[in-house]
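In: here is the input, now give the coordinates:
(chains A, B, C, D, E and F)
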Protein chains: 4
Amino acid sequence: MFAFRMIDRSGVPAYLQLVDQVRRGLLLGHLQEGDQLPTVRAVASELVINPNTVAKAYRELEHAGLAAARAGQGTFVTGSIEQVPAATYARLSGRLRQWLADARGAGLAPEQVRAMVEAVMDDEQHRETA
Amino acid sequence: MFAFRMIDRSGVPAYLQLVDQVRRGLLLGHLQEGDQLPTVRAVASELVINPNTVAKAYRELEHAGLAAARAGQGTFVTGSIEQVPAATYARLSGRLRQWLADARGAGLAPEQVRAMVEAVMDDEQHRETA
Amino acid sequence: MFAFRMIDRSGVPAYLQLVDQVRRGLLLGHLQEGDQLPTVRAVASELVINPNTVAKAYRELEHAGLAAARAGQGTFVTGSIEQVPAATYARLSGRLRQWLADARGAGLAPEQVRAMVEAVMDDEQHRETA
Amino acid sequence: MFAFRMIDRSGVPAYLQLVDQVRRGLLLGHLQEGDQLPTVRAVASELVINPNTVAKAYRELEHAGLAAARAGQGTFVTGSIEQVPAATYARLSGRLRQWLADARGAGLAPEQVRAMVEAVMDDEQHRETA
DNA sequence: GTGGTCTAGACCACC
DNA sequence: GTGGTCTAGACCACG
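Out: Model (predicted):
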């Protein structure tokens, strides 16, 4: 069963973090059409957040056509997004992991690693836009 | 003079995005102690956001000891964070850029790239915490 | 529940006066860790000031580690400052009240009393610093 | 010659602190009609603030009828406020100093002393108003 | 209902 | 010109 991760304090609304995780799971093939999502109650108790917050995330997913609740059964993934081919994913994620390991090996703190990733990605994005 | 980037719609409050950009600038050595930050009004007009929002970000930086406002003069960087050595930065950011180029070359949409990066980083972070 | 006093026109920003009152409450034992502060809206309507001003004060307290806001629940005292022992407080505040009564009895206007207190305290403080 | 004290960061505008100190000096008899105030330049350099700020304070005093500038000579105290009789002042300030010494002797930090004084005075003032 | 963010715009203190 | 404070009011996230 798909599992959600801890809610951090990045400023991103909790319900959006849940939505993003499902979306990400679909993009990367960790979630398939038909898969069941954990129940609202389970997520709420696991992450220690209010069930309303989880419900809002699921509602958002339904609205996006990515999930649907089946009365008495739970919520299931219904839609799909263009997935990254498994081979491509394996290759790229492997290299990315190596890069991360290298960065950590060079003595960079997690905060510094994240800063660098964000800086470079923002930079690329900006270059495209410009 | 340091320049801020457009505010995205990721759900992260605008003022926090500004704070993060300064923090990142310090981590990566793009900002030094004593540097002047653009004036509140300049940032507000540049990014088309409310001056109060910028002021809030600057105040947050002040609380963190990273900047100080001088009435009638502007806001200046006062603190510093452990920086990434320039050589390390150059090497790692170069490789990261290559990775990004490769990912784009493999046909991944920006959204997919970002999802992969976030997934892998969250994963690593989770592994450390666990 | 803790209650705030009217904001005076001494030139001290309203939000700072609120912060000082909480700080003072902690120093003198009138506020304890875990106590709930009045809601932003309650204070704003009570003192006839803008909710944003109250929120700013509460945020300042949060930065100082003295309070924490819980969305949907309210703001609570979280930290503490070294308190004045109750007995010491009782004895000293009693004598101070007598002094004030005496000063008023001698015909001093409130403004004169305040001027004297400030002059003497500034004097002492200056002597220590020097 | 009358001397101004350091500007603190209490939130009270610098120019108001200067005005208050003159007013206080008059109330307590430390300043008499005809006394000369230090020049704008002297105060500005002594307290390391902008001459404009000092000039604004002096203008405020002129406006209140408490001081007047004589071209080429300086600024002089012209008005007066009801003073506290010297004997009363001596007696009361002496007792207040004793109280302060006692409070410090009881181990109270300056911050705690100030908090207590403010709490008691606010309390009295509130009682009168009510 | 709670606090949080953002906008728009006025006024003030300081350089 | 700079930043700082305050108001008024809208909208959002969370419980």
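In: residue boundaries of the helices in chain A?
Out: Per DSSP state H, chain A carries helices over the ranges A:14-27, A:40-47, A:51-63, A:86-105, A:110-129.
In: out of the ones you listed, nearest to DNA strand F?
Out: When the helices of chain A are compared by Cβ to the nearest atom of the strand, helix A:14-27 sits nearest DNA strand F, at 3.2 Å. Any C-beta I mention is one placed from the backbone N, CA and C, and that applies to glycine too.
In: returning to what we had before: with mean pLDDT and distance to B:Gly29 as new columns, can the helices of chain A be given to me in TSV?
Out: As requested, the helices of chain A are exported to TSV (pLDDT from 0 to 100; distance: least, Cβ to Cβ, whole Å):
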stretch	mean pLDDT	distance to B:Gly29
helix A:14-27	95	31
helix A:40-47	95	37
helix A:51-63	96	39
helix A:86-105	95	16
helix A:110-129	87	11
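In: what about A:Ala115, how many residues nearby?
Out: A:Ala115: 22 surrounding residues under other Cβ atoms under 10 Å in any protein chain shown.
In: that one is in contact with B:Gly29, isn't it?
Out: No: counting by Cβ atoms under 8 Å, A:Ala115 does not reach B:Gly29; the two are 10.7 Å apart.
In: who touches the most centrally placed residue in chain A in this structure?
Out: A centroid search over chain A (Cα atoms, centre = their mean) returns A:Gln21, at 2.3 Å, as the residue closest to the centre. Taking Cβ atoms under 8 Å, 6 or more residues apart in numbering or on different chains as the contact definition, A:Gln21 lies against A:4-5.
In: do you know how far it is from A:Leu96?
Out: Applying Cβ to Cβ, to the nearest Å, the value for A:Gln21 to A:Leu96 is 18 Å.
In: isn't A:Arg104 right next to A:Arg114, touching?
Out: No: if you go by Cβ under 8 Å, A:Arg104 and A:Arg114 don't touch, sitting 11.5 Å apart.
In: who does the spatially closest residue to A:Arg70 that is not a sequence neighbour form a beta bridge with?
Out: Excluding the flanking residues, the one nearest A:Arg70 by Cβ to Cβ, 6 or more residues apart in numbering or on different chains is A:Phe76, at 6.3 Å. Note on A:Phe76: beta-bridge partners A:Gln36, A:Ala68, judged by DSSP bridges.
In: any idea how many residues pack against the residue of chain A found nearest chain C?
Out: Chain C sits closest to A:Asn50 of chain A, with a gap of 8.1 Å, by Cβ to the nearest Cβ. A:Asn50 has 14 neighbours, counted by other Cβ under 10 Å.
In: residues in contact with it?
Out: A:Ala44.
In: try 10 Å
Out: By Cβ atoms under 10 Å, 6 or more residues apart in numbering or on different chains, A:Asn50 lies in contact with A:14-15, A:44, A:56, C:71-72.
In: now A:Gly25
Out: The neighbours of A:Gly25, taking Cβ under 10 Å, 6+ apart as the test, are A:2-4, A:31-32, A:35, A:37, A:66, A:77, A:81, B:115, B:119.
In: how close does the closest residue to A:Glu124 other than its chain neighbours get to chain D?
Out: Closest residue to A:Glu124 apart from its sequence neighbours, by Cβ to Cβ, 6+ apart: B:Leu100 at 5.6 Å. Noted for B:Leu100: a distance of 47 Å to chain D, by Cβ to the nearest Cβ, to the nearest Å.
In: A:Leu26 too?
Out: As judged by Cβ to the nearest Cβ, A:Leu26 and chain D stand 53 Å apart.
In: next, count neighbours for that residue.
Out: Here the number of neighbours of A:Leu26 (other Cβ under 10 Å) works out to 22.
In: give me the domain ranges for chain A.
Out: Residue ranges for each domain of chain A read A:14-77, A:86-129, as given by automatic domain parsing.
In: including distance to C:Glu128, could those go into JSON lines?
Out: Listed next are those as JSON lines, based on distance: least, Cβ to Cβ, whole Å:
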{"stretch": "domain A:14-77", "distance to C:Glu128": "49"}
{"stretch": "domain A:86-129", "distance to C:Glu128": "41"}
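In: which residues of chain A lie near DNA strand F?
Out: Within reach of DNA strand F by Cβ under 7 Å from any atom of the strand, chain A has these residues: A:13-16, A:49-50, A:52-53, A:56.
In: and these, which of them are buried?
Out: Among those, those buried by neighbour count (16 or more other Cβ atoms under 10 Å in any protein chain shown) are A:13-15, A:49, A:53, A:56.
In: so which of these is the closest to DNA strand E?
Out: Using Cβ to the nearest atom of the strand, A:Pro13 comes nearest to DNA strand E of these, at 9.5 Å.
In: once you drop chain neighbours, what's closest to that closest one?
Out: Per Cβ to Cβ, 6+ apart, closest to A:Pro13 is B:Gly11, 5.4 Å.
In: and the gap between that neighbour and B:Ala115?
Out: 15 Å.
In: now swap in A:Ala109 and tell me
Out: From A:Ala109 to B:Ala115 the distance is 24 Å (Cβ to Cβ).
In: tell me the contacts of the nearest residue to A:Leu27 once chain neighbours are set aside?
Out: Spatial nearest neighbour of A:Leu27, chain neighbours left out: B:Ala115 (4.4 Å); criterion: Cβ to Cβ, 6+ apart. Shown in contact with B:Ala115 (Cβ under 10 Å, 6+ apart): A:20-21, A:23-28, A:81, A:84, B:108-109.
In: dump the residue contacts of the residue of chain A at minimum distance from chain D.
Out: The nearest approach of chain A to chain D comes at A:Gly11, 28.7 Å away (Cβ to the nearest Cβ). The neighbourhood of A:Gly11, defined by Cβ under 10 Å, 6+ apart, consists of B:10-17, B:19-20.
In: cool, and A:Arg114?
Out: A:103, A:108, B:20, B:24, B:27, B:121, B:125.
In: what of A:Glu33?
Out: A:26, A:66-67, A:76-80.
In: mind doing that once more with 8 Å?
Out: For A:Glu33, the contact set (Cβ under 8 Å, 6+ apart) comprises A:77-80.
In: can you tell me how far it is from A:Val77?
Out: For A:Glu33, the distance to A:Val77 equals 5 Å [Cβ to Cβ].
In: what distance do you get for A:Val113 to A:Gly105?
Out: 11 Å.
In: neighbour-wise, which of the two wins?
Out: Using other Cβ under 10 Å as the criterion, A:Val113 and A:Gly105 rank with A:Val113 on top: 22 against 8.
In: what's the closest non-adjacent residue to the more buried one?
Out: A:Ala103 (4.9 Å).
In: count of neighbours near that neighbour?
Out: 24.
In: doesn't B:Arg91 make contact with it?
Out: No: here A:Ala103 lies out of contact with B:Arg91, judged by Cβ under 8 Å, at a distance of 9.7 Å.
In: quick one on the thing from earlier: how about the contacts of A:Gly11, which pair is most distant?
Out: B:Gly11 and B:Val19 (15.4 Å; Cβ to Cβ).
In: got the confidence number for the residue nearest to A:Arg70?
Out: Model confidence at A:Phe76, given as pLDDT, is 97.
In: gap between it and A:Arg24?
Out: From A:Phe76 over to A:Arg24 (counting by Cβ to Cβ), the distance is 18 Å.
In: between these two, who's got more neighbours?
Out: Per other Cβ under 10 Å, whichever of A:Phe76 and A:Arg24 has more neighbours is A:Arg24, with 20 against 14.
In: got a list of what the more buried one touches?
Out: Residues near A:Arg24 by Cβ under 8 Å, 6+ apart: A:30, B:115, B:118-119.
In: can we see that at 6 Å?
Out: B:115, B:119 (Cβ atoms under 6 Å, 6 or more residues apart in numbering or on different chains).
In: so it versus A:Ile81, what's the distance?
Out: With distances taken as Cβ to Cβ, A:Arg24 is found 10 Å from A:Ile81.
In: and for A:Gly105?
Out: Going from A:Gly105 to A:Ile81 by Cβ to Cβ gives 34 Å.
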